[in-house]
Structure formats: structure tokens, C-alpha cells
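S.K.: Okay, here's the prediction I keep looking at, along with the sequence it came from:
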Amino acid sequence: MSGEQSLLSDRLKRKCRILIITVAFASVGSNVSKGQNIEPVSSTSNILTQAVQILNLPRESVLKSFPARIQGIVTCFDERSAVFFVQDQSAGIYIQALSVTNQLTAGDRVDISGVTGSGLFAPMIDATTVAVTGRGRLPDPRLAAIALRAGDHHFQAYVPKNSWLSSAWWPHVTGSLVKVTGIWIRETEGVHGTRPGGPMLLMQSSKDLFVKGPPPSKKSFFLIWTIAGVLLVFLLVYSWTVFVRKRIEKRTSSIRMQALAIEERFRDLFENANDIIYTHDLSGRITSINQGVERILGFSCDEILGRSIAALAAPRERGRVEEFIEDCIRGNTAREFQFEATAKSGDRVNLEITTRMQHQNGSVSGVQGIARDVTTKRNAEEALRRSEKQLRQSSEAQERLARDLHDNVIQSIYAVGLNLDDCRRTIGSDISHIDTRLAKVVAQLNAVIRDIRDFLSGLRPQSITGAEIEPALRSIATSFGDSFLKCVRFSIDPEAAEHLTSKQATQLLHIAREAISNSVRHAAAENTELSLIIIDGSITFEIRDDGVGFNSGKPKHEGSGLRNMADRARELGASFKLESQPGKGTRVSLEIPT
């Protein structure tokens, strides 16, 4: 070993200071040693396109700034110094970029243009442009390098990749005072390795590098910044605490004022409400009540507090009110309740109550209720019901009067007309019976006058019994003339007649009068039959003729006669059936349950 090497070795045995930390996937010169066929540089006009070409340039040629352009993979990038290491297919080389617009990361595929330059340990490229063209696969690392300075001498120390320090530790090593143990060698340069190169130190593992501590200047600097940072954090925390405290106090004051305003509005609403608002405990005793009780019932709040709601009810209502209170206490509050209360003046007041449960600490503590004065509403509803009832009764009376007039008076007048017409036809031929027939017409007119007088005085037509129905039916047939009486046949079962009530017999009589009148006026029937029998426990009343008939499914118009017959049957609870076909007569039947 030469004298210079011995001097450096002695100095390395003492102390070294790390100048810069760089992870280098060290392949410098490795490809050359493998005998790779490298194209030499023939002239300065050629552009160097391989990293190994730049590494093999003599030192004096490197300083001539040959143009270079290489494409490779970024294996390491130091953002503080803008120095990074690029590996192409031939070798790895340092790149010095004066300005890098984008942050580079390991694995970026880059296209670099620049000129050759003299690096600290080996030739490098001073890049003018750096373009990222994509991503590539990182090469397998072989050695990791660390740059050291001992006095005025600079050299590199290498350690196997599997024993190198983690990347999180490197920033703490930079600039530190270290003790390094290893093998001291000197590189050779040139294509054939004829020129001596820079010195280097080979370590067996990371344990051969021992950090003795950062320099005093760095310690002081670190301490000052640490104290400054702590003070800054303290000031920020204190300022933030004061700011937050003032905001909380301001917000709390605002919330408290809003709560007071809401409470005041609620109190005003509670006291001035038109309804009675109250609460009572689980025993039914009133615990709070507003001024509405004085306006509605005349009692002051002090007179009501401690009493039960049932005490305000009228005597006949207290049992219902007590049951309602018990239901409320059991939780059945989802309904409205009305009762009659007694005011202080003794007047009766109708109250409508709605309630809901009150809870405290998760359990039922009482009941809250609202009592509304519905006296006016109840009176109006009652008056409306009475008016509706009177209107319904008046309408029913009017319909009944119209029906009775139609079925009694009008049919009787029509029968008188038939008898007079019969007298007119017989005057020229047979006058022996004229007096008898005219006397009969006069009697019929007197009966009509009597019926009209009864209607005007509010009396209903005279009712008959079941036993009288057959004579009454014959009388109706006789009133339509002797000629019609000869065409009528009666089939009345005495047992069926005995089962008829007075109302049933009277209604059947009216139905028979309307049916006979229709048969005489419209049907031109030659035969008419009236029957009353019992079939399967029901009384069946039937009127049948052999007149012209009509289409009962599509009548031209439904007269009041047919409608009256159906209404009377409905009043009796009987089934009404009307059957008729053109040319086949008409059949009216009623089935009355016994």
C-alpha cells in the first residue's frame, strides 16, 4: 500500500464524518469488468447514449462536456440536492439536475439529455432536461454506498445490500460523526483499468458503521428548534383554548337567553290559552293549571290545585270521569273524552279532554291534559240533530201525505168518475137504476170529502183489521163500478187474514186500490184476481190481471203509483215483486214474513 493510502488508512482508523447518504445500486464499472462490448467514443460530435461510455471517459475528457442522452430507470432520488441515480442497460450513473419540475420516485423511466461532468467520485451527467416516460422494473441491488469525508479526503464506503440500514434511519445519520471499520482499496479507471481511481472502503455489514453522535452545532441547532417548536405549540394551544372558551361562553350565553325567551313565551302561552291546560299526578290530583279554568269554570287556580278532575264533573258524570282518569294513569291516553262539568256559578259546561303521559327519568310521572269548552259546539250539534230529525219527519210526512192522497182520494175520485160515466151511458136505455147509482156516487163523494177533511186536520185514513180486509177489498172493487165488479174474483184465506196486523191490512188495502186502479185505467183487463194465502210460513198477497201488460224491465216512466206500492211493502218489511209482459197481463205480489 502507498504512502497516501497508509495516511488515509490511519485517518480512517480515527474518525470519519458522513458527507452525504445515497443508496446506489452499484454497478459502476461492473459491466466493463464482464467484458461487455462497449462502443468507444471516436469524436466529440457523437452523443453518448450509454452510461458505461461516460464512466469510461478519462478525467480530462469528462471535463470537455460531451453531449449525452441516456434512457434508464431511476433507482434513487435526493430531493434536497436534486441528485439522483439512473440505471440503464449498461451501468448506473449519477445525474445532477439543476431543475427538476416533477418529483421523481424510484422506478420512474426517464429520458435525460445533458453533458458530461466530473463527479465527486466518478463521471456524471449535468442534465438539462429530464422527462418521465413511464414506469419500469427496478434492477436488483448489489451494493449500497455511503459517501464519507475524512479531513480533506473524500471516499465511498460500500456495504452488502442485505445488511444495510433502513431508509428511515438515513436522515438521522447525515452529518453525524461515525466510526467505520473495513477494507481499504483504490479503484482503477479507464477502459483497461490502467489509471488509478478514487479510494473506497468495503464493509462487511452495517455493524461496521458506528454513529458516535451529531456535531455540537447540530445539537444546539436541534435543541433551539425543539424549544422554539414547543413554545410555538404551547402558544397555539393556549390561544386556541382561550378562543374556544370565549366562543363557548358566548354561545352558552346566547343559548341561555334563548331558553329564557322560549320559557317566557311558553309561560305567556300557558297562562293566556283559551283552553284549560293542567297536569295531575298518578293519584289524579291536579298539580298545575292555567288561568283558563277561571275563564271557563269561574274557579281560581288556588281553588283547583290539589283537587281531582272528577270533583269538577256533574254528579252523574263523576263515575265516568274517574274511570277515564284511571285509564289515563294506565297509559290509555290516545282518545278524546267529553263530560259535563259544573261551573262555580252552577252552570253546566261541556268539556272535551285530550291527554298525554309525562315521563321523568324513564318512568311515568303524571298526565298532562287540555280541556276545551265545547258547550257551544255541543248545543249547535244538538240543534242540528233536532233540525235534521224535524226535516226528516216533515219529509216523511209529506211523502206519506202524497202517497195517501194518491192511493185514497185520487183513486176514490177516479172511481166516482167511472160510476158517473156508467150512469151517463145508461140514461138513454135503462133509467130504472139511475137513482140507486147516483145515490152511490153521492155516498162516494161524501167519503172522499171526509178523507180530504181528515188529511187537512192531520188525521191518517181510517185503518182496518185483518178480519176486515176482504170486505174492504170488495168495497174498493165495487167503487169502480158494477161492470168491473163482475170481472173480479177474490180468494182470501181467513187464517191468513187473521195473521195480519192493522198496519199490514191497511197497507195491503192501499196497494190493492192502486193495483185495481191501474188495471181498470190502463190494462183493459177482462179478469182480475186478488188472493191472500199462507205459503211456507209467510203471508202472500197477489193481484193478477189478464190485461195488455207492459215491459216491466224497461218501463216508459215509473209513476208514483208503482213507487208507492214498493214503499209500502218496504215499510212492512215485505218483499215486493212486479211482473208484466206485453200482451200477458200483470202480476203484483208481496211476501210478508209472519
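M.R.: Good, I have the coordinates.
S.K.: Determine the set of other helices and strands touching the one helix or strand R392 maps to.
M.R.: Element membership of R392, judged by DSSP states H and E, is helix 375-404. Judged by 3 or more C-beta pairs under 8 Å, 6 or more residues apart in numbering; DSSP states H and E, helix 375-404 is in contact with strand 348-360, helix 560-572. To be clear about C-beta, it is placed using only N, CA and C from the backbone, and glycine gets the same treatment.
S.K.: Please identify which of those is closest to S580.
M.R.: Across the helices and strands packed on helix 375-404, S580 has its closest neighbour in helix 560-572 (10.4 Å, C-beta to C-beta).
S.K.: any idea how far that closest one is from the chain center?
M.R.: 55 Å (C-alpha atoms, centre = their mean, to the nearest Å).
S.K.: Repeat that for stretch 321-338.
M.R.: 32 Å.
S.K.: repeat for stretch 501-508
M.R.: Distance, centroid of stretch 501-508 to centroid of chain: 64 Å (C-alpha atoms, centre = their mean).
S.K.: got the contact list for that stretch?
M.R.: Stretch 501-508 is contacted by residues 461, 463-466, 468-469, 472, 497, 500, 532, 539, 541, 568-569, 571-572, 590, 592 when judged by C-beta atoms under 8 Å, 6 or more residues apart in numbering.
S.K.: Same check on stretch 338-354?
M.R.: Under the contact criterion C-beta under 8 Å, 6+ apart, stretch 338-354 has outside partners 276, 296-299, 309, 312-314, 316-317, 320-321, 324, 336-337, 369-375, 377-378.
S.K.: which SS class is L473?
M.R.: Here L473 is recorded as helix under DSSP: H, G, I helix; E, B strand; the rest coil.
S.K.: ok, it - contacts?
M.R.: Here L473 is in contact with F490, I492, L509, A512, L530 (criterion: C-beta under 8 Å, 6+ apart).
S.K.: could you flag which of those are buried?
M.R.: I492, L509, A512, L530 (16 or more other C-beta atoms under 10 Å).
S.K.: sec struct for the second one, please.
M.R.: Judged by three-state DSSP, the three-state class of L509 is helix.
S.K.: How about the contacts made by F210?
M.R.: With C-beta under 8 Å, 6+ apart, F210 has these contacts: V178, K179, V180.
S.K.: Pretty sure the first one sits against L201.
M.R.: No: with contact taken as C-beta atoms under 8 Å, V178 and L201 are classed as non-touching, separated by 11.6 Å.
S.K.: The two: which has the busier surroundings?
M.R.: Neighbours per residue (other C-beta atoms under 10 Å) separate V178 from L201, with L201 holding more: 24 against 17.
S.K.: hang on, that one is in a strand, isn't it?
M.R.: Yes: under three-state DSSP, L201 falls within a strand.
S.K.: Show me the beta-bridge partners of it.
M.R.: Taking DSSP bridges, one obtains A157, W184 as the residues bridged to L201.
S.K.: measure I227 to E526 for me?
M.R.: I227 is 137 Å from E526, where distance means C-beta to C-beta, to the nearest Å.
S.K.: Where do the helices of the stretch 201-350 of the chain begin and end?
M.R.: 216-272, 292-296, 301-304, 318-329 (DSSP state H, counting those that start in this stretch).
S.K.: Just the buried ones from the contacts of stretch 501-508?
M.R.: Among those, those classed as buried by 16+ other C-beta under 10 Å are 461, 464, 466, 468-469, 472, 497, 500, 532, 539, 541, 568-569, 572, 590, 592.
S.K.: Need the max-distance pair from those.
M.R.: Pairwise distances across the buried ones among the contacts of stretch 501-508 (C-beta to C-beta) peak at 21.7 Å, for the pair P461 and I539.
S.K.: Surely I511 and A569 touch.
M.R.: Yes: counting by C-beta under 8 Å, I511 touches A569, with 7.2 Å between them.
S.K.: Give the residues shared as contacts by these two.
M.R.: Common neighbours of I511 and A569, using C-beta under 8 Å, 6+ apart, are L590.
S.K.: list the contacts for I413?
M.R.: So I413 contacts V448 (C-beta under 8 Å, 6+ apart).
S.K.: Tell me where the stretch 51-200 of the chain is predicted with low confidence.
M.R.: For the stretch 51-200 of the chain, the stretches with pLDDT under 70 are 80-81, 99-102, 120-121, 140-175, 186-200.
S.K.: Tell me, how many residues neighbour Q71?
M.R.: 16.
S.K.: Now do the SS call for it.
M.R.: strand.
S.K.: Now do the same contact list for it.
M.R.: So Q71 contacts D88, R109, V110, D111, I112, T133 (C-beta under 8 Å, 6+ apart).
S.K.: could those residues go into JSON lines alongside secondary structure and neighbour count?
M.R.: Output for the contacts of Q71, formatted as JSON lines (DSSP: H, G, I helix; E, B strand; the rest coil; neighbours: other C-beta atoms under 10 Å):
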{"residue": "D88", "secondary structure": "coil", "neighbour count": "20"}
{"residue": "R109", "secondary structure": "strand", "neighbour count": "16"}
{"residue": "V110", "secondary structure": "strand", "neighbour count": "24"}
{"residue": "D111", "secondary structure": "strand", "neighbour count": "14"}
{"residue": "I112", "secondary structure": "strand", "neighbour count": "23"}
{"residue": "T133", "secondary structure": "strand", "neighbour count": "10"}
